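Trainee: return atomic coordinates for the entry below.
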Amino acid sequence: MEVVRASRYGGFCGGVKRAWALAQQARAETAGPVYLTGELIHNRPAMEELYAQGLEIAHPSERELPPGSVLLVRAHGEGPQVYERAQQQGLKLIDASCGIVQRVQRKAAEWERQGYQVILYGHRNHPESRATIAYTRHGLIIESVAEAEALPHFPRIAALAQTTVLLSEYERVCQVLATKCDEFMNQGQVCAWTRLAQDEAVAIARTVDAMVVVGGKHSSNTQQLAKVCGAIVPTYHIERLEELRPEWFASARRVGLTAGASTRDADIDAVAAWLAALEPAPAGSA
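Mentor: Numbering: from 1, shown residues only. Model (predicted):
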């Protein structure tokens with residue numbers, strides 16, 4: 001089978017590479033436990049690797065950790081209460097928050113200070129969205145155009161975006177939010193890596209018979225990759241190699257392959273090898 005693999009934006013993004021490197025460094029330099037504020041990244045196979053190395057999730061607001069313990073802030077970021085709690089417990093804090101996420105957090109706090117109602121478009125239960133809104137007192141998270149339409153009128157609105165949402169969806173939400181206030185400020189920042197990965201995946205999808213997207217099932221950016229590819233060609237979002245089924249590709253000659261921002265190279269390589277070993281459909285088959 002011919003495999004067309006994303007060559008620039010499939011696999012660890014810059015923020016994940018940094019978080020992963022910090023975790024590995026902390027493990028190498030720490031004799032005792034290394035704690036995480038939550039899943040460092042949204043990828044179960046990758047997290048299983050960290051757990052096997054002795055890293056452990058222990059949120060400081062839910063559990064008292066021994067003074068001097070090493071605590072990594074997850075790549076999705078945390079609210080200010082986590083930093084305060086870590087300081088109170090005397091923890092050695094290593095901040096693996098994505099830099100782009102941190103910029104959005106600062107924007108949320110700044111625009112609320114300036115008197116704007118901060119409204120973030122994203123997934124209400126996603127740790128990044130929750131962390132960003134934690135930097136405000138009155139910020140809101142909305143998940144859809146319908147929720148935007150149901151909002152009351154505000155004098156001033158500053159719109160933000162979870163960094164892994166679809167830009168086109170965020171722009172539609174902003175069109176509605178602009179009608180819900182007297183003064184509207186668009187401060188959303190969708191991650192450039194996320195947008196470019198989607199663009200590359202779409203370009204591949206237009207040239208193949210099927211797409212495979214490798215990444216965490218609960219990863220927002222991976223879900224968006226599967227969504228944009230699925231609008232073009234049959235698309236299979238898998239987290240592990242074992243999920244692949246030969247019958248999915250019975251009529252395919254070319255298969256595209258991309259991966260979410262938290263997917264290890266080894267997992268992508270394994271899927272690529274499996275696909276390449278398949279017999280392509282005969283020429284002229286449907």
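Trainee: any idea which element Leu120 lies in?
Mentor: Assigned by DSSP states H and E, Leu120 belongs to strand 117-121.
Trainee: which residues of the stretch 151-286 of the chain fall in helices?
Mentor: Counting by DSSP state H, counting those that start in this stretch, the stretch 151-286 of the chain has these helices, from start to end: 167-177, 192-205, 220-230, 265-276.
Trainee: tell me what Thr235 is bridged to.
Mentor: Taking DSSP bridges as the rule, Thr235 bridges to Met211.
Trainee: I'd say it and Cys229 touch.
Mentor: Yes: judged on C-beta atoms under 8 Å, Thr235 makes contact with Cys229 at a distance of 4.3 Å. Just so you know, the C-beta spots here come from the backbone N, C-alpha and C atoms, and that holds for glycine as well.
Trainee: in the strand holding Leu120, what's buried?
Mentor: Residues of strand 117-121 classed as buried by neighbour count (16 or more other C-beta atoms under 10 Å): 117-121.
Trainee: pull the most distant pair out of the residues you listed.
Mentor: By the measure C-beta to C-beta, Gln117 and Tyr121 form the most distant pair in those, at 13.5 Å.
Trainee: circling back: what about the strand holding Leu120, distance to the chain center?
Mentor: Relative to the mean C-alpha coordinate of its chain, strand 117-121 is positioned 19 Å out (C-alpha atoms, centre = their mean, to the nearest Å).
Trainee: and for stretch 62-70?
Mentor: What separates the centre of stretch 62-70 from the centre of its chain is 27 Å, taken as C-alpha atoms, centre = their mean.
Trainee: again with stretch 18-37
Mentor: 21 Å.
Trainee: ok, back up a step: just want the angle from the strand holding Leu120 to helix 167-177.
Mentor: Angle, strand 117-121 to helix 167-177, by axes from the mean of the first three to the mean of the last three C-alpha atoms, to 10 degrees: 150 degrees.
Trainee: tell me the strands beside strand 117-121, with direction?
Mentor: strand 140-142 (parallel), strand 154-161 (parallel).
Trainee: domain-wise, how is the chain divided?
Mentor: Under the assignment automatic domain parsing, the domains of the chain span 2-11+193-276, 14-97, 100-186.
Trainee: mean pLDDT added to those domains, as TSV?
Mentor: Converted to TSV, the domains of the chain look like this (pLDDT from 0 to 100):
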stretch	mean pLDDT
domain 2-11+193-276	96
domain 14-97	94
domain 100-186	97
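Trainee: figure out which of the ones you listed is closest to Ala283.
Mentor: Among the domains of the chain, the nearest to Ala283 by C-beta to C-beta is domain 2-11+193-276 (7.5 Å).
Trainee: now the domains of the chain in JSON lines, please, with extra columns for distance to Ala283.
Mentor: Shown next, in JSON lines, are the domains of the chain (distance: least, C-beta to C-beta, whole Å):
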{"stretch": "domain 2-11+193-276", "distance to Ala283": "8"}
{"stretch": "domain 14-97", "distance to Ala283": "36"}
{"stretch": "domain 100-186", "distance to Ala283": "36"}
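Trainee: nearest approach to Pro282 belongs to which of those domains?
Mentor: Using C-beta to C-beta, the domains of the chain put domain 2-11+193-276 closest to Pro282, at 8.6 Å.
Trainee: need the pLDDT of Gln189.
Mentor: In this prediction, Gln189 carries a pLDDT score of 82.
Trainee: and for it, the neighbour number?
Mentor: A count of neighbours around Gln189, defined by other C-beta atoms under 10 Å, yields 16.
Trainee: strands along the stretch 51-200 of the chain, start to end?
Mentor: 55-57, 70-73, 92-95, 117-121, 140-142, 154-161, 181-186 (DSSP state E, counting those that start in this stretch).
Trainee: just the residues contacting the fifth one, thanks.
Mentor: Spelled out, that is strand 140-142. 117-124, 129-130, 133, 148, 151, 173 (C-beta atoms under 8 Å, 6 or more residues apart in numbering).
Trainee: need the winner for burial among the strands paired with strand 117-121.
Mentor: Most buried of these, by mean neighbour count (mean count of other C-beta atoms under 10 Å): strand 154-161, with a mean of 22.
Trainee: quick one: distance of it to the chain centre.
Mentor: Relative to its parent chain, strand 154-161 has a centroid offset of 23 Å by C-alpha atoms, centre = their mean.
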